[in-house]
Structure formats: structure tokens, C-alpha cells
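>>> Following is a predicted model, sequence given first.
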Amino acid sequence: MTKVVPVGSNVLIKQDKGENKTKGGLHLPDQSVKLPGTGVVLAVGKDVEECQEGDGVVFNKYDIRTVEVEEQDWAVIEEDKILVRVVD
């Protein structure tokens with residue numbers, strides 16, 4: 001399998017799946033799911049200063065860029081677009 005490595009100040013994130021079903025059972029389109037998004041850092045570029053692999057992060061979903069490598073989608077965001085780090 002090919003390794004995906006972010007460059008510069010970019011961060012590779014595994015996004016948490018948002019709840020896209022109402023309490024009544026109606027399915028919502030992805031655009032209706034609440035912002036911001038959450039996820040876990042998978043890898044960081046060499047210029048990233050504050051985030052580390054394994055950190056939880058909160059971000060605006062509109063700042064995420066999705067890239068496809070070998071038919072798999074990856075979420076990439078610039079470090080300065082991350083709103084909050086969640087660390088244990």
C-alpha cells in the first residue's frame with residue numbers, strides 16, 4: 001500500500017463520521033450535518049509545529065480538502081485552519 005505523507009504545514013486527518021440522521025429517522029445530506037468537524041491526526045507535514053499524530057482536532061469542515069490516492073479518500077487541512085487540539 002502506498003503511504004500518504006502530507007507536506008509543508010498540512011495535516012492528514014481521519015474525520016469522525018457526523019450523525020446524518022435525525023431523531024425521527026430522516027436522513028440528512030452531508031451539507032446539513034453540523035459544523036465544526038472532529039477527527040484524529042494521522043500524519044503531519046515537516047513544517048507543522050503544534051499538532052502530533054494521535055491528537056484529536058476540531059476544525060471547520062469547509063477547510064478540509066479531500067484527495068484521492070489509489071481509490072481511497074484522505075482528508076487534508078492546513079495546520080492554521082485547525083481550531084482546537086484535544087490531547088490526553
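Here it is on my side, so go on.

>>> where does the protein dip in pLDDT?
Along the chain, the model assigns pLDDT under 70 to residues 18-23, 25-35.

>>> how about 50 then?
Nowhere does the chain drop to pLDDT under 50.

>>> any chance you could map the helices in it?
Shown for the chain, no helices are assigned by DSSP state H.

>>> Just give the number of residues close to residue 43.
17 (other CB atoms under 10 Å). To be clear about C-beta, it is placed using only N, CA and C from the backbone, and glycine gets the same treatment.

>>> sorry, that was for residue 56
Residues lying near residue 56 (other CB under 10 Å) number 15.

>>> The one 5 residues further on now?
Using other CB under 10 Å, residue 61 is surrounded by 18 other residues.

>>> dump the residue contacts of residue 38.
For residue 38, the contacting residues are 15-16, 56-59, by CB atoms under 8 Å, 6 or more residues apart in numbering.

>>> wait, residue 78
Contacts of residue 78 were listed using CB under 8 Å, 6+ apart, and they are 9-11, 63.
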